[in-house]
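Q: Would you be able to build a 3D model of this:
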Amino acid sequence: MTATSTWTILDRAHTALRDATAPLTAADLGRATPCSDWNVAQVLQHSAGDQLAFASAITGQGGPTENPFTPSGHLAGTPAELVEPALSASAAAFATV
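A: This is a model prediction of the structure:
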């Protein structure tokens, strides 16, 4: 985990997303969520996309490869493989602010 210095609320949010993602299995990804049009995979894509968008806004580099507001629900890898790079990019970007 990359520390974001005084951004403790961001650290806590990143920890919460990691904790929620860690136990997920492939069977969980298609489950319904309180967002009636999105399943678990889509919510993860939205969360990761937001983190990449924040990092891009700060650094001017990169950004999400998928629109976080119309997530496909198809993951190329595991939930952690989707979430970790986004959290790392976000933490690194916010650490520069």
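
Q: for the protein, longest helix please?
A: Longest helix of the chain, by residue count under DSSP state H: helix 40-59.

Q: got the buried residues for that one?
A: Applying a neighbour-count criterion of 16 or more other C-beta atoms under 10 Å, one finds 40-49, 51-56, 58 buried in helix 40-59. Every C-beta, even on glycine, is put in place using the N, C-alpha and C of the backbone.

Q: mind listing what's buried in the helix or strand following it?
A: Moving toward the C-terminus from helix 40-59, the next helix or strand (DSSP states H and E) is helix 79-94. Of the residues in helix 79-94, 79, 82, 83, 84, 86, 87, 89, 90, 91, 93, 94 count as buried by neighbour count, 16+ other C-beta under 10 Å.

Q: and if you look at stretch 68-75?
A: Residues of stretch 68-75 classed as buried: 68, 71, 75 (neighbour count, 16+ other C-beta under 10 Å).

Q: If we only consider these, which is nearest to residue 16?
A: Nearest to residue 16 out of those is residue 68 (C-beta to C-beta; 17.7 Å).

Q: Tell me, what's the model's pLDDT at the closest residue to residue 68 other than its chain neighbours?
A: Take residue 68 and drop its neighbours on the chain: the residue closest to it by C-beta to C-beta, 6 or more residues apart in numbering is residue 49, 2.9 Å away. Residue 49 is assigned a pLDDT of 94 by the prediction.

Q: And for residue 68?
A: We note a pLDDT of 83 for residue 68 in this prediction.

Q: Likewise for the one 3 residues further on?
A: With respect to pLDDT, residue 71 scores 94.

Q: by contact count, what packs against the longest helix of the chain?
A: With contacts taken as 3 or more C-beta pairs under 8 Å, 6 or more residues apart in numbering; DSSP states H and E, helix 40-59 sits against helix 79-94.

Q: Which strands and helices lie in contact with the helix it packs on?
A: Counting by 3+ C-beta pairs under 8 Å, 6+ apart, the packing neighbours recorded for helix 79-94 are helix 8-21, helix 40-59.
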